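S.K.: mind looking at a prediction? Sequence and model below.
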Amino acid sequence: MMENEKKPLRWQEPGKGEPLPVIRVNQLGYAPNLPKKVVVTAAGDYVLTDANGAEVKHFPKVETKEDVASGDSVAMLELGELQPGKYTLTGCGESRAIEVTERPWQAVTDALIKGLYYQRCDELLEEHAGVYKHPACHTGLAEEWRKPDPPIPEDVRAQIPAHFLKMLEIPLEEPYGEAPAPRRLKGGWHDAGDYGKYVGPGAVTVAHLLYAWKLFPQGCSDDLNIPETGNGVPDILNETRFELEWMLQMQRGDGAFYHKLTSDHFPPFIMPEDDTQQEYLSPISRTATADAVAALALASRVYRPYDAEFADRCLSTALFGWKWLTEHPERRPYRNPFELQSGFYGDGEDHDERFWAACELYAATGETAYREAAEGFYREVRKLTQFGWAEVSGLGALCCLFDLKENGGELLYDDLKQAFLRRSEWALLVVKASGYGTAIPANDYVWGSILTSMSNAMAMIMNTLLTGREDMRDAALLQLDYALGLNAMDISFVTGYGERQVMFPHHRPSEADGIEAPVPGLISGGPNNKMNYSTVKNRLGDIPAAKSFIDETDFADMNEIAIYWNSPTIFTAAYFHSLCVKND
Ligand code: 9MR
Ligand code: ZN
C-alpha cells in the first residue's frame with residue numbers, strides 16, 4: 001500500500017490564495033471514547049449533523065478569543081461522545097467532514113515507525129519501499145577526522161559571532177592512539193533531510209521507540225513490511241535494532257563514542273546512493289558517549305528475551321563507555337572541527353546525559369554504584385519533562401518512574417516523581433493558554449517546534465499513567481491533533497497523512513526521487529520564528545509565531561524532517577492507538 005498520490009492541496013502563505021477553512025480538525029479523525037476537539041476561527045452558530053443529516057449537537061453563539069501564538073480568533077469545541085460514523089460540522093457558511101472510527105490513528109502510527117525504515121542507510125527493496133526503493137548508499141570507508149583546525153585569519157575572525165568564537169576556544173578532543181584504518185560502518189538511519197548520522201540524536205530516538213514499546217506494546221504494529229517482519233521479534237524492535245547495530249560501531253578504541261559520522265559538507269539534493277562524499281568519524285563527545293551508554297543499556301534489557309547475545313553486546317559496550325565517562329568527569333561540550341560542516345548538535349551540559357546513562361545502567365545491572373551516580377547527577381537535573389536531543393532528563397525520568405520504580409529509592413523515585421508531576425503541570429498550563437491547545441509557548445516556536453509539543457505530550461502521558469488524570473491525557477491528545485491538522489495553518493505535518501498535508505519537506509530523497517509525493521510517514525519540524533533565514537523574513541514578514549512556516553523544500557529551519565521528531569510522535573500516537581485497541 002503506497003501513499004504516492006500527490007494531493008492537489010498545499011499550504012498557502014498567509015494572505016495569499018484561498019482563505020483557510022474556518023473549522024480545524026484532526027484530519028485523520030477521532031476515536032469514539034476519547035475527546036474530539038475542533039477549533040473554529042469565527043464566532044457564530046455551529047451544528048454537528050450525522051450521515052443522515054440529523055442534528056447531533058448544537059453549539060449556539062460560539063464566541064472566540066485571541067490565540068496569541070497565531071493571532072487567530074478562536075474557540076475550541078468538544079464534540080462529545082459519538083458513535084463511529086461520518087459527521088459534518090457546519091457554521092459560518094462552511095462545513096467540514098469529521099470522521100469517528102474505532103482506530104483512527106493506527107495507520108499513521110504504523111507509518112511514523114515505517115518512516116524510520118525509509119531513513120535506513122541501506123538498500124531499500126521494492127517489496128518494502130515500493131516506489132521509494134533505492135540502491136545501497138554510503139558504502140565507502142569512513143576516516144577518522146584528525147585534521148587540526150586551520151588558523152583563522154583576523155579579518156575572518158572579526159566576522160564570527162561571539163558565541164561561535166567561544167565555542168572555538170574549547171579544545172578539540174584528543175584523538176586516541178594511532179589513526180585507525182579507514183573502515184566501512186554499516187546501517188543506521190539518516191538523521192533528517194541530510195544523510196549524516198549522529199550518535200546523540202540517534203540514541204534519543206532509540207529511547208523513545210523502546211519506551212513506546214515497553215509502555216504501549218498494543219500501540220505498535222508488528223506488521224510494518226520491513227525486511228525483518230515475521231521474524232518473531234516485534235517490528236518496532238526490529239527497526240530500532242537497525243540503529244543500535246550502527247551505534248555499536250561508533251565506539252572508539254578507548255570506550256568513548258564518536259559524536260557523528262558525516263561528510264564535511266551537506267550534499268546537494270541528490271539520492272543517498274549518489275552521495276559519495278568522503279565520510280568522517282568526528283571527534284568524540286561526552287554527550288554522545290553518555291547517550292549511547294544509556295540507549296545501549298536500555299536495549300540490553302529490552303532485547304534480552306529475543307537475543308541474549310545482542311543484549312550482552314549492548315551491555316558490554318555500554319559498560320566500556322561508562323568507564324570512559326568516569327575517567328573523564330570534567331564537563332566539556334562537543335567541539336566541532338571548524339571544517340567538518342555537518343550538523344553540530346552542540347550541547348553545553350552533559351549532566352543530564354550522564355544522569356540518564358547512570359539510571360539505565362542501574363536498571364540493567366542492579367549495581368548500587370550506578371544508583372549512587374544517578375543520585376549525584378539527579379541533584380543537577382531540572383528539566384525532567386524534556387526528551388529532545390539536547391536535554392534528556394526526561395528519558396532518565398522514564399527509566400526511574402516506569403522501570404526502577406520503588407527500587408529507585410527516596411531520591412530517584414519519590415522525590416523525582418513529585419518533581420516530575422510538578423513540572424508536567426507546566427505543560428498543561430501551556431496547553432490551556434493556547435487557543436489551539438498546542439503545548440508550545442507562544443514565544444517559543446523554535447527550530448523543530450514539533451519536539452516541544454511532543455515532548456510535552458510525552459510528559460502529560462507519563463503523568464496520566466502515574467495519576468490517572470484525564471485532563472493530562474486529553475491535553476496530550478491535543479498534541480496529536482495539532483500534528484494532524486488542528487492548527488493555525490490547517491496542515492497535517494505528517495507526510496502522506498491528512499487532507500492537507502506537508503508536501504515539500506526539506507528531505508533529500510523526497511526531492512530527488514522524481515516521485516511527486518514525499519516519502520510517507522515523516523513529520524515536519526513545523527513553524528519556527530527564531531532562526532529564520534532572511535529569505536523567510538522577506539517572504540513572511542512579521543507573521544505570528546505559529547504561522548512562521550512555509551511548506552517548501554528550501555526551508556530546513558521550518559520544514560525539515562528528523563528521526564527524533566518522528567519518535568516522540570510515535571510514542572504519543574502509539575499511546576493513543578493503544579487506548580483504541582483496548583477499548584475495542
Ligand atoms: O534539530 C536541530 C535544532 O534543534 C537546531 O536548532 C538546528 C540548528 O542547529 O539543528 C537541528 O538539527 C539538524 C542537524 O543539525 C543536522 N541534520 C538536520 C537536523 C534537523 O534540522
Ligand atoms: Zn546512506
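M.R.: On my side now, so go ahead. Ligands and ions are numbered 1, 2, ... in the order given.

S.K.: pull out the buried positions in stretch 509-528.
M.R.: 509-513, 515, 517-528 (16 or more other C-beta atoms under 10 Å). The C-beta positions use only the backbone N, C-alpha and C, and glycine is treated the same way.

S.K.: ok, the residue in the stretch 201-350 of the chain that ligand 2 sits nearest to - contacts?
M.R.: Ligand 2 sits closest to Pro272 of the stretch 201-350 of the chain, with a gap of 4.3 Å, by C-beta to the ion. Going by C-beta atoms under 8 Å, 6 or more residues apart in numbering, Pro272 touches Cys121, His134, Cys137, His138, His190, Tyr195, Arg508, Pro509.

S.K.: the closest residue to Glu552 other than its chain neighbours: what's it in contact with?
M.R.: Using C-beta to C-beta, 6 or more residues apart in numbering and skipping residues adjacent in sequence, the residue nearest Glu552 is Phe504, 5.1 Å away. Shown in contact with Phe504 (C-beta under 8 Å, 6+ apart): Arg10, Ser510, Glu511, Pro518, Asp551, Glu552, Thr553, Asn559.

S.K.: okay, buried residues for the helix or strand bottoming out on mean pLDDT in the chain please.
M.R.: Of all helical and strand segments in the chain, the minimum by mean pLDDT, DSSP states H and E falls on helix 534-540, at a mean of 78. Of the residues in helix 534-540, Val536, Leu540 count as buried by neighbour count, 16+ other C-beta under 10 Å.

S.K.: now the contacts of Pro272 in CSV, with pLDDT and distance to Leu82?
M.R.: As requested, the contacts of Pro272 are exported to CSV (pLDDT from 0 to 100; distance: C-beta to C-beta, whole Å):
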residue, pLDDT, distance to Leu82
Cys121, 98, 44
His134, 98, 43
Cys137, 98, 47
His138, 98, 49
His190, 99, 41
Tyr195, 98, 45
Arg508, 98, 42
Pro509, 98, 39
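
S.K.: give me the buried subset of the residues you listed.
M.R.: For the contacts of Pro272, a burial check counting by 16+ other C-beta under 10 Å picks out Cys121, His134, Cys137, His138, His190, Tyr195, Arg508, Pro509.

S.K.: CA atoms only: put stretch 570-579 into CSV for me.
M.R.: What follows is stretch 570-579, C-alpha atoms only, in CSV (Å, rounded to 0.1, in the frame of the first residue of the first chain):
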residue,chain,number,x,y,z
ILE,A,570,5.4,7.6,17.7
PHE,A,571,5.4,7.5,21.5
THR,A,572,2.3,9.8,21.6
ALA,A,573,0.5,8.1,18.7
ALA,A,574,1.2,4.6,20.0
TYR,A,575,-0.2,5.5,23.4
PHE,A,576,-3.5,6.8,21.9
HIS,A,577,-3.7,4.0,19.4
SER,A,578,-3.2,1.5,22.3
LEU,A,579,-6.2,3.1,24.1
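
S.K.: so for it, what's the average pLDDT?
M.R.: Averaged across stretch 570-579, pLDDT comes to 98.

S.K.: from the chain's centre, how far out does it sit?
M.R.: 14 Å (C-alpha atoms, centre = their mean, to the nearest Å).

S.K.: what does that stretch contact?
M.R.: Contacts of stretch 570-579 (C-beta under 8 Å, 6+ apart): 31, 33-34, 103, 105-106, 108-109, 112-113, 208-209, 211-213, 215-220, 454, 457-458, 461, 476-477, 479-480.
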